[in-house]
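Trainee: The following block contains a protein sequence and its predicted model.
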Amino acid sequence: MNIDLSSKPLVVATVTQPDDLALVKSQATPISDILEYRLDDLVDQEAEVLSILNECETPSLVTVRRPDEGGANELSNEKRLEMYRNSLSLANLIDVEVASLRSVSFQGLCQEAAVVASFHDFEKFPGIGVIEDTIETAYELGAQVAKVAVVLDSMEDLLALVKVVEHHRSECRFISAMGMGPLGRLSRLVLAQAGSCLNYGYLRIANAPGQWSAKELSDLLAKLT
């Protein structure tokens, strides 16, 4: 994995557009702690992404998101798995949904790579019981990091998620958590302070509601730590 997830809250900048790739290649200094390459958005640029992964010194996270959790281009499991395997030797981390890791197609992937096992609900706060069960499943499947991104409807929801993050960090488990919607921006600062190890911002264009830019997020977290 070669990424120290315990030293500080890390900022992940999400790369989703061809112009993002040009920006990454033109930067002399790192844009963020980690760059997430969303290959489901960059299907036609896969070869270019693989070339950048081979050359860029900034640690990388590769994601090929499933359609029902926000993925682009309606990619099949077979195509997604093919794209993951193409990047395994180059990426520091890969992000795969807990739902995918449960399937026969993705069985054993956590033994082949350092995996962030993720769960997304873009519609609602699914309840703390669902979140806790999904996180436990992520660890049981062998993930290095459990990731949760859900809509936060109230401060009560945010505080409940803070408690989950603090609990798992006290157990020396790596967890990434963030909110979407009106409380999204606040949640990303609060949860980073609570122990969320991966904290997501956008490179040029937001791809989820409630995001900071990666630069803004990095600057704010630096002031808080």
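Mentor: Alright, I've got the coordinates. Residues are numbered from 1 along each chain as shown.
Trainee: Would you mind pulling up the elements that the lengthiest helix in the chain packs against?
Mentor: In the chain, taking DSSP state H as the definition, the longest helix is helix 155-170. If you count contacts as 3 or more C-beta pairs under 8 Å, 6 or more residues apart in numbering; DSSP states H and E, helix 155-170 packs onto helix 128-140, strand 145-151, strand 174-180, helix 184-194. Quick note: C-beta positions are derived from backbone N, CA and C, even for glycine.
Trainee: Out of those, which gets nearest to residue 203?
Mentor: Residue 203 sits nearest to helix 184-194 of all the helices and strands packed on helix 155-170, at 15.4 Å, using C-beta to C-beta.
Trainee: Would you tell me what the next helix or strand after that closest one is?
Mentor: Next helix or strand after helix 184-194 toward the C-terminus (DSSP states H and E): strand 198-202.
Trainee: and that next one, how far from the chain's centre?
Mentor: Taking C-alpha atoms, centre = their mean, to the nearest Å, the mean C-alpha location of strand 198-202 is offset from the chain mean by 7 Å.
Trainee: which other residues reach it?
Mentor: 5, 9-14, 16, 32, 34, 36, 61, 116, 145, 147, 149, 176, 178, 188, 191-192, 208, 211-218, 221 (C-beta atoms under 8 Å, 6 or more residues apart in numbering).
Trainee: Now the buried members of those.
Mentor: Buried members of the contacts of strand 198-202, counted by 16 or more other C-beta atoms under 10 Å: 5, 9-14, 16, 32, 34, 36, 61, 116, 145, 147, 149, 176, 178, 188, 191-192, 208, 211-214, 217-218, 221.
Trainee: picking up where we left off before, just the CA atoms of the longest helix of the chain, as PDB, please.
Mentor: Extracted in PDB, the C-alpha atoms of helix 155-170 (Å, rounded to 0.1, in the frame of the first residue of the first chain):
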ATOM      1  CA  MET A 155     -26.700  17.200  13.200                       C
ATOM      2  CA  GLU A 156     -27.800  14.100  15.000                       C
ATOM      3  CA  ASP A 157     -26.900  12.000  11.900                       C
ATOM      4  CA  LEU A 158     -23.500  13.700  11.800                       C
ATOM      5  CA  LEU A 159     -22.800  13.100  15.500                       C
ATOM      6  CA  ALA A 160     -23.800   9.500  15.100                       C
ATOM      7  CA  LEU A 161     -21.300   9.100  12.300                       C
ATOM      8  CA  VAL A 162     -18.600  10.800  14.300                       C
ATOM      9  CA  LYS A 163     -19.100   8.200  17.000                       C
ATOM     10  CA  VAL A 164     -18.700   5.400  14.500                       C
ATOM     11  CA  VAL A 165     -15.400   6.900  13.200                       C
ATOM     12  CA  GLU A 166     -14.000   7.400  16.700                       C
ATOM     13  CA  HIS A 167     -14.900   3.900  17.700                       C
ATOM     14  CA  HIS A 168     -13.100   2.200  14.800                       C
ATOM     15  CA  ARG A 169     -10.100   4.400  15.100                       C
ATOM     16  CA  SER A 170      -9.900   3.500  18.800                       C
END
